[in-house]
Structures are given as structure tokens and as C-alpha cells.
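# Build the 3D model from these lines:
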Amino acid sequence: MRIYFVSEHQESTRITYALSKLKAVMQGLELAYSVHPLQAKSQPIINQDADTSIQDSELFVLIGHEQLERYNVQPLHKELASEGFELRKERTDNHVRLYVLGHDETGVMYGLLELAERLQATKSIDKLEPCLINARFPFRALKFNLPWSSYRKNECFELQHACVKDLKFWEQFLNMMLDNRYNVLTLWNLHPFPFMLRTKSFPLATPFSDEELAEWKQYWTTLFHMAKERGIETYLINWNIIVSEAFTEHYDPQAVHDRLYHYGDSYTTDDIKQYTRESITQLIDEYPDLTGFGVSLGERMNDMSPESIQQWIEDVYYEGMSAASRPIKFIHRAPFSVDPAITRTSIEQNHAFTEPVWLEVKFNWSHAYSSPKLLLTHGGSSGMEGYWNPPPSNYKITWMVRNEDFFTLRWAQPDFVREHIRTNGQEYVGGYYVGSECFIPGTDYSHIQDSPHIHWDYAFQKHWLYYMLWGRLLYAPDTSDDVFIQAINQRLSISKGDKILSAYSKACRMPMALASFYHFTWDFTLYAEGFLSTGESEYNDGQAFISLEDLLESHPMDPDYLSIKEYVHKLVNQQSMESFITPLQLADQLERDAQDALCTVTELLNGDPRLDCEVADIIAWSQLSLYFAKKLRAAVSYELYRSTGNEAERQLAIYWLEAPHAAAHWERLVAITKSHYKPQPLMHLGKTLFSWELFLPQVYEDIEYVRERVII
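The predicted structure is shown next:
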């Protein structure tokens, strides 16, 4: 194949990266190729190469209407949009001519990556089919919490400093984003400014020497440029009125600084407003490759009314952006107090923004892996529709899909992602963020070191399929499972990727089942892979574990489910349960999924440590599913005993809690996870290291709970 591209794109990071992927596939398939720049002058595209070994096929890479006209190629399809691409195919006799076309470099880059992927699947240029694919959402973001000036503080963040400060890490992370069609990187911390600049009026608020600050500035400048080269937008998001510790030391000892607890009442002065406003303006002016900025309303504004909060943002953030030498894009987080009219009016009546403004809303608060239905947002749900009804004029809703439920076990459930997009992709929605508040996907501190399992450098590479599912489906929701199966086969050097994906899809329903059935709100109130629900008390001598008593007292987050008490009440009183999902129906589904997954992966173990590591996670999810199912059965039996006094039901509850049922499943979970994971820091548990073995005593305590509580 002769590959032609316009000479002016020889230095394009996007085009050269995608071409390298295509060339690697062709080399692997032993297909000959040569690369030829087209001259930047008008000429018809003709077959001129004398190399007969590659005479039968050509690929032309063209960007924009002007280039197509220049080389006498038919215009771009009228339905092709920004970041989309066309793959055209022409055939005459034994000659195949391919075109990868788009309005912009990013679209053509995606087209070349798609071509490489399809060629890998078909293994034949002749079998390639033409296509036109547009981006489903213009905003496809990853949320990345920075370890410095961090919102949450724990050892798991402290050990990420060196990794996140290393630009080699970012090169790999940004390439992953590019491969998976993410186009926005959002960077979050409490107060970013001292790490980036020194304000003219408050120079001592930045604690670094000139040399240290120069090093930080080089880091940020390079990172933003690396992202821009790859067609990835960058945003910094901070928290309102919080300042640096150095600011409190030199200018106002009462100010709320970023080493204090992030939640509480406000403290603001004219100096704090001026300092923040100045910081915003300088940030925009000193970092031309930074795409946008964002602000969180809440946390250290508890005592302020919604009106005064919004006014503060207008006086400081809006004015700081307006004073900059260039426009900048803006992310406005929905306030925790649900009053859409105030925020909506503020955004729609302000003309300082580059439109659209992205209005971020937490989907199901901190636990998006619950239901594709919008059940809850941060601060409540009643009235939230005021943000999108009537449709907004200059902003789009962007859903925050937070994962605070699984950091160690790999997760893959493509149908959940598809259903989420299908249910929540209305016209007023601009896209999604995917990420965590309590986990940074840098250094992997969960796995036993020096294990043959490890074939990754960073945690995000271990969770590669998770990132691929969200990124590819946010770009094109009709992407077939065959794409993910092919990726599994290629990465693990197997031919049964369909079985791996099927097993993941079944076993990984467990966290959504738990979060639908068990009530949650903020980050620590649920951690599905650990079967934990904590609070400010964190580990609390093991009380973080969701006990049988907790399950009995909880009410489902999803109203389609019946709680244990509701179910037993209806059962005893012979009331209809039609249209509801009962605890026993949920248990049945969990057991079917787990058994199917276990049967599927058992035959796949072949001694390859890469495959064994993935399979171990599927087994762990399956054992969690079985544990949850048996605990639901025990809870129903015990509640029946409490309601009817039937001793047989109490004995049945003990039966479901003991081995070979619930207790045995947790013991197997401990064994499989202990085989390759080590005790690890977990934000939810404070200073206590997490492991599944840690909670084995609480598993046994459930049995004693039922044994000791006898109705007399």
C-alpha cells in the first residue's frame, strides 16, 4: 500500500501517531507499505508509484474541504461533523484506493486508528468496508485528581506525587486517551495557583523559590502542550474561596487554606477576592495552551446563601476570566443546593464565556455505578430538571460518572455504559466525565510487586479495558463488542476474548446491584468491591463492613427494588409485588451471573500470568456476587423469623450465612485476592490498610448476630 498525506501534516503529532499505529498493524500482517507526502499544490490523485509490490492499493489522508478540492476528491459528506471521519473505498479491477477524510486533524487521526483496527480484524485491505463515524458527544473527559493541594488526603495520594510529576507518565496517559477517543483532561485540586504562578499583588502566597516555580511552570507548559498536540483539551478545576497556606501566613491568618479540612463555613475578604481574581487572569495569560478553567460551588461556602455564592463566583471568576488577554472555556459545577434558576440565570446572562459552558452534574452523586437512571445528584434531585427544562441557551449538561466503588478489581460491563448513554444522551447533554475522587490511576500500589502478572507500568494500564469501554462508547455508542473482544485477544495473546468479555459482563454487574439495593450518598458511603459503607469514622473497628443488620435496615436507592423489610411485609400480608424487583429475585440473578462467569473462565486458565491476573479479578467479582446473594437470602429468612417467630427461618438464615454458602464465598474471595494483591491504602478507611481478609471476622460476626438474637 502506498500511503499519501499532505506534506504540511508531516509534523502533526496526531497524524504521525495514528500512522505509526497503522504501520505497526501492516508490519504485523506482513503487508508492504510506503509513505509519500503530497505536494501542497493542486494536482489530481493518480497512480504513479512504480513499486509493483504495493501497486494494488493506495491510501490518501486528507483534511478539510480545501485539500479535497486541491486533489480533485469528492467533497466531504454533508453529515460529517467535527472530530468525525469518513473511510472511503474505491475499487477498479485489482486496484483498491482508500481515503481517510475529515474536517480536522482529530477526526482524521480517529479515522486512521479505526482503519488500523479494522485492518487488524479483517487482515485484508480488500475486506475493509467504508464507513462514516461522528463523535456522539463533543465533551468526552477524564477526571484526574492531583495529589498536591488535594481535595482528599491519604497515603494513597501521597505516594503518587513522583509519578504524576513525571511527564513520561503523562505521555502514556495522554496516548491512552487518544487511543480511546477521549478529548478532554480535567485536572482537579483545591488550589492550583501557587504551583503555577506568582501573583503581582500577593507574591508571597506562592511558597516556592523562583527556581522551583520555574520548574513547575515548565512542567505545566509541557503537559498542556503535549495534550494540545494530541487534540486533547485541558481544564483546571478548583474549589472556590480556598487559598494557599502561604497566603494565610503572609496576608490573612484567618483565611481558609488548602491544608485545612475542605468542608465548612466560608471566609472571604476583598484581598481574597483580588488574589483569586488575579490568579485566574494570570493563569489564562501565562498558559496559552490551557483550554479552560472550572470552579466548584460548595464545600467552604456552607454558610452562604445560593445567591451570595453565585455572586461571589461572578465577582471573582467571571471578572478574572474577562480581564484575561484571551477567551477561555469554562466548567461550572452545579451547586450542591439545588436552585437551578440562580446558576442558570448567571450563566445565560453572562457573555464572557466561550460557548458552550459545560455545567457539571454528579450522576447519582458519588456512585454512578448504581443505575443508568438518574436517582440522585449531589445535594438532592428535586428541581434538578430546571437546569435542562427548558433547554439551556449557552451551556450543556455534562454528567460526572464518579467511581468510588472499585479501584483494585478490573471492571468491564459494556451494556451498562451503552444503556447509560442511551438513557441520558438528550440534546441538552454535552458529554461525560469519567473518574474518581479517591483514586489516582498512576503508581499501582495494589498488586504484589515483582509478580509475573505485572505487564503494566501504571494503574490505568492495568484497567485498560475500563478506559477503553467508556472512551470508545462515548465516541461511538454503537461500537460492537467485537472491537473489545479483538483488543482482549491482542493484549492477552489469546483467541477467546469473547469468553473473557462475557464473564466480565456478568460478574461485574455486582457493584450496580449493590448500589441499587443499598442506600448511598457521598464518597465513603459505599465501596462495592470491599462490601463497605463508611463515614467520617472510616474503619471504625470494622464497622465499615456492610453487616447483615445494615442490610436489614437499609432502603434501596433504586425505587424499583424492594427492601428486605418491605418484601417480607408484603409477603406476610400477601400483598402484590408486581413490577418490583425483590431481594430473592436479585439473589437469583447474582447467582446466575456468578456461576456463568465462573464456568466460563475456569476453562480459560492456561498458566499465562497476564491471563491469570484478569481471570482472578473475574473470580473475585463472582465470589462477591455469590456472597451478596447468600447474604440477601439470609436477611430475608431472618426478617421472616422476626416477623413470624418461625424458628425454621432463623435456622435457614444461619444456613445461608455459614459455609458452604456466604462465609465460604468470602473465604474464597480472600484466597483469590490474597494470591496477587497486598494490603493497600484506601481513602475510605483512613490509616487502616484495606484487604478482603481484614473483614473476615465481620463475615463470621453476622452468623453470631443471628445465633444470639432469639425471640422469647
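
# ok, then the element right after the longest helix along the chain?
What stands out as the longest helix in the chain, according to DSSP state H, is helix 609-644. Past helix 609-644, further along toward the C-terminus, the next helix or strand under DSSP states H and E is helix 647-657.

# Just the angle for that following helix relative to helix 609-644, thanks.
Angle of helix 647-657 versus helix 609-644, following axes from the mean of the first three to the mean of the last three CA atoms, to 10 degrees, is 170 degrees.

# by contact count, what packs against the very next helix or strand once past helix 647-657?
Following helix 647-657 in sequence order, the next helix or strand is helix 662-674 (DSSP H and E). The helices and strands touching helix 662-674, judged by 3 or more CB pairs under 8 Å, 6 or more residues apart in numbering; DSSP states H and E, are helix 609-644, helix 696-708. Quick note: C-beta positions are derived from backbone N, CA and C, even for glycine.

# In JSON lines: these, plus mean pLDDT, mean neighbour count and distance to Leu174.
JSON lines is the format used below for these (pLDDT from 0 to 100; neighbours: other CB atoms under 10 Å; distance: least, CB to CB, whole Å):
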{"stretch": "helix 609-644", "mean pLDDT": "97", "mean neighbour count": "24", "distance to Leu174": "24"}
{"stretch": "helix 696-708", "mean pLDDT": "97", "mean neighbour count": "17", "distance to Leu174": "41"}
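
# next one: the longest helix of the chain to chain centre, how far?
Offset of helix 609-644 from its chain centre (CA atoms, centre = their mean, to the nearest Å): 26 Å.

# and it with helix 696-708, angle?
On the basis of the same axes, to 10 degrees, helix 609-644 is oriented at 20 degrees to helix 696-708.

# wait, what's in contact with Met301?
Counting by CB atoms under 8 Å, 6 or more residues apart in numbering, Met301 touches 240-241, 266, 309, 312.

# Would you mind giving the helices and strands packed on helix 662-674 as CSV with distance to Asn489 added?
Formatted as CSV, the helices and strands packed on helix 662-674 follow (distance: least, CB to CB, whole Å):
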stretch, distance to Asn489
helix 609-644, 11
helix 696-708, 37
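
# quick one, which of the ones you listed is nearest to Leu38?
Checking those against Leu38 by CB to CB gives helix 609-644 as the closest, at 41.6 Å.

# how far off helix 662-674 does that closest one point, in degrees?
160 degrees.

# follow-up on the earlier one: biggest separation within the contacts of Met301, which pair?
Based on CB to CB, the longest span within the contacts of Met301 runs between Ile241 and Ile309 and measures 9.6 Å.

# how is this structure carved up into domains?
2-133, 139-361+378-399+419-432, 510-708 (automatic domain parsing).

# for the ones you listed, which one sits closest to Phe406?
Of these, the one closest to Phe406 (CB to CB) turns out to be domain 510-708, at 4.1 Å.

# Between the two ends of that closest one, what distance do you get?
In domain 510-708, first residue to last residue: 30 Å (CA to CA, to the nearest Å).

# Run through the strands of this structure in chain order.
2-6, 34-38, 57-63, 85-92, 95-102, 131-133, 139-145, 184-188, 233-239, 292-296, 329-333, 357-362, 395-402, 429-435 (DSSP state E).

# Which of those strands sits closest to Arg592?
Proximity to Arg592 (CB to CB) singles out strand 395-402 among the strands of the chain, at 26.6 Å.

# and the closest one, what does it pack onto?
For strand 395-402, the packing partners by 3+ CB pairs under 8 Å, 6+ apart come out as strand 139-145, strand 357-362, strand 429-435.

# what are the ranges of the helices in the stretch 301-450 of the chain?
For the stretch 301-450 of the chain, the helices defined by DSSP state H, counting those that start in this stretch occupy 306-313, 319-322, 340-348, 414-424.

# outside of the longest one, which residues touch it?
Going back to what we said before, that points to helix 414-424. 136, 363, 368-369, 372-374, 399, 401, 432, 469-470, 473-474, 477, 481, 484, 501, 505, 509, 512.

# rerun at 6 Å
When contacts are defined by CB atoms under 6 Å, 6 or more residues apart in numbering, helix 414-424 is touched by residues 372, 469-470, 473, 477.

# if I look at Leu61, how far off is Lys631?
One thing to correct before we go on: residue 61 is Val, not Leu. 56 Å (CB to CB, to the nearest Å).

# Next up, the contacts around the one residue sitting closest to the centre of the chain.
Ranked by distance to the mean C-alpha position of the chain (CA atoms, centre = their mean), the top residue is Val434 at 2.3 Å. Contact analysis of Val434 by CB under 6 Å, 6+ apart lists 142, 401, 470.

# Can you flag the buried ones in the residues you listed?
142, 401, 470 (16 or more other CB atoms under 10 Å).

# Pick the one among those residues closest to Tyr99.
Distances from Tyr99 to the buried ones among the contacts of Val434, taken by CB to CB, are shortest for Trp470, at 29.5 Å.

# Just the pLDDT for that closest one.
pLDDT recorded at Trp470 is 98.

# List the residues that contact it.
417, 434.

# can you start the count at 734 instead of 1 from here on
Done: numbering now begins at 734, and the last item shifts to Trp1203.

# hey, where'd the helices end up in the stretch 1184-1333 of the chain?
Using DSSP H, counting those that start in this stretch, helices in the stretch 1184-1333 of the chain cover 1192-1195, 1197-1208, 1214-1225, 1230-1240, 1243-1250, 1281-1286, 1297-1305, 1316-1335.

# Point out the most buried one among those helices.
helix 1243-1250 (a mean of 25; mean count of other CB atoms under 10 Å).

# that older thread, of all the helices of the stretch 1184-1333 of the chain, which one comes closest to Glu862?
Closest approach to Glu862 among the helices of the stretch 1184-1333 of the chain (CB to CB): helix 1214-1225, 13.2 Å.

# That closest one - what's its average pLDDT?
97.

# That one packs against which elements?
helix 1230-1240 (3 or more CB pairs under 6 Å, 6 or more residues apart in numbering; DSSP states H and E).

# Which residue is the nearest non-sequential neighbour of Trp1132?
Leaving aside its chain neighbours, Trp1132 sits nearest to Phe1096 (4.4 Å; criterion: CB to CB, 6 or more residues apart in numbering).

# typo on my end, it should be Leu900
Nearest to Leu900 is Thr955, by CB to CB, 6+ apart, at 5.8 Å.

# now Asn1222
Asn1222 sits nearest to Gly1230 (CB to CB, 6+ apart), 4.0 Å away.

# One more: His742?
Leaving aside its sequence neighbours, His742 sits nearest to Ile748 (CB to CB, 6+ apart; 4.8 Å).

# and the gap between the one you found and Met909?
In terms of CB to CB, Ile748 sits 18 Å off from Met909.

# same deal with Ala1056?
The value you get for Ala1056 to Met909, if CB to CB is used, is 36 Å.

# higher neighbour count, these two?
Met909 (19 against 15; other CB atoms under 10 Å).

# And the pLDDT for that one?
Value listed for Met909 in the pLDDT field: 98.

# And the one 3 residues further on, by the same measure?
Asp912 carries a pLDDT value of 98.

# next one: the one 5 residues further on
Note for Val917: predicted pLDDT of 98.

# re the thing from before, tabulate the contacts of Val1167 (CSV), appending distance to Asp1274.
CSV is the format used below for these (distance: CB to CB, whole Å):
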residue, distance to Asp1274
Leu875, 36
Val1134, 33
Trp1203, 37
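
# want to throw the helices and strands packed on strand 1128-1135 into a markdown table with mean pLDDT and distance to Glu838?
Shown next, in a markdown table, are those (pLDDT from 0 to 100; distance: least, CB to CB, whole Å):
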| stretch | mean pLDDT | distance to Glu838 |
| --- | --- | --- |
| strand 872-878 | 98 | 16 |
| strand 1090-1095 | 96 | 22 |
| strand 1162-1168 | 98 | 20 |
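
# Between the ones you listed, which one is closest to Tyr1191.
Taking CB to CB, strand 872-878 is the member of those nearest to Tyr1191, at 12.2 Å.
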